[in-house]
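[1] the sequence and its predicted three-dimensional model are supplied below.
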Amino acid sequence: MERRKIRELAQQHPYLAQADEKYLKKYPKLVSSLFGNLLWLSDNSDIAEKIYKDRRWIAAHPETLLSLHRNLRWMAANPSEATHLYKNQAATSQLPELISWRADHKAFIRQHPKLELFYEESFIPGGFR
């Protein structure tokens with residue numbers, strides 16, 4: 001399903017395959033879709049990180065960060081990034097449906113702060129890192 005969604009997005013945005021952060025920032029709805037896609041995030045982690053760490057752009061387009069927060073598989077597979085993103089209380093307060101999941105995930109990360117050092121491919125959802 002995720003591959004199909006990427007293909008559909010590529011049809012709408014012909015330059016998606018060679019897109020960089022500047023191109024993507026012109027299309028916040030596209031970024032929201034991509035942030036909900038574990039496959040794209042895994043394949044383009046460097047571009048994604050540049051976008052979600054740009055506080056000014058994220059503040060202007062909070063729907064993109066909300067989409068990333070809703071991507072629970074990606075958040076679970078990237079505990080250090082999740083910890084960073086959970087600190088953005090403006091975004092997390094807009095997601096009441098995820099409050100208990102977020103609290104459980106934060107507690108798990110606190111109990112296992114170096115968990116990423118012990119990951120095996122089978123542990124990470126879909127085998128992505």
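    Perfect, thanks for sending it. Residues are numbered from 1 along each chain as shown.
[2] and the next helix or strand past the helix or strand hosting residue 76?
    Taking DSSP states H and E as the definition, one finds residue 76 inside helix 72-77. Downstream of helix 72-77, the first helix or strand assigned by DSSP H and E is helix 79-86.
[3] quickly note the distance from the closest residue to residue 83 other than its chain neighbours to residue 72.
    Excluding its sequence neighbours, the residue lying closest to residue 83 (CB to CB, 6 or more residues apart in numbering) is residue 109, at 5.8 Å. To be clear about C-beta, it is placed using only N, CA and C from the backbone, and glycine gets the same treatment. Using CB to CB, to the nearest Å, residue 109 is found at 14 Å from residue 72.
[4] again with residue 55
    23 Å.
[5] the two: who's more crowded?
    A direct count of neighbours by other CB atoms under 10 Å for residue 55 and residue 72 places residue 72 higher, at 15 against 10.
[6] surely that one and residue 101 touch.
    Yes. Here residue 72 reaches residue 101: they are 6.7 Å apart, a contact under CB atoms under 8 Å.
[7] other SSEs contacting the lowest-mean-pLDDT helix or strand in the chain?
    The weakest-scoring helix or strand in the chain, judged by mean pLDDT, DSSP states H and E, is helix 89-92 (a mean of 78). Applying 3 or more CB pairs under 8 Å, 6 or more residues apart in numbering; DSSP states H and E, one finds that helix 89-92 makes contact with helix 62-70, helix 79-86.
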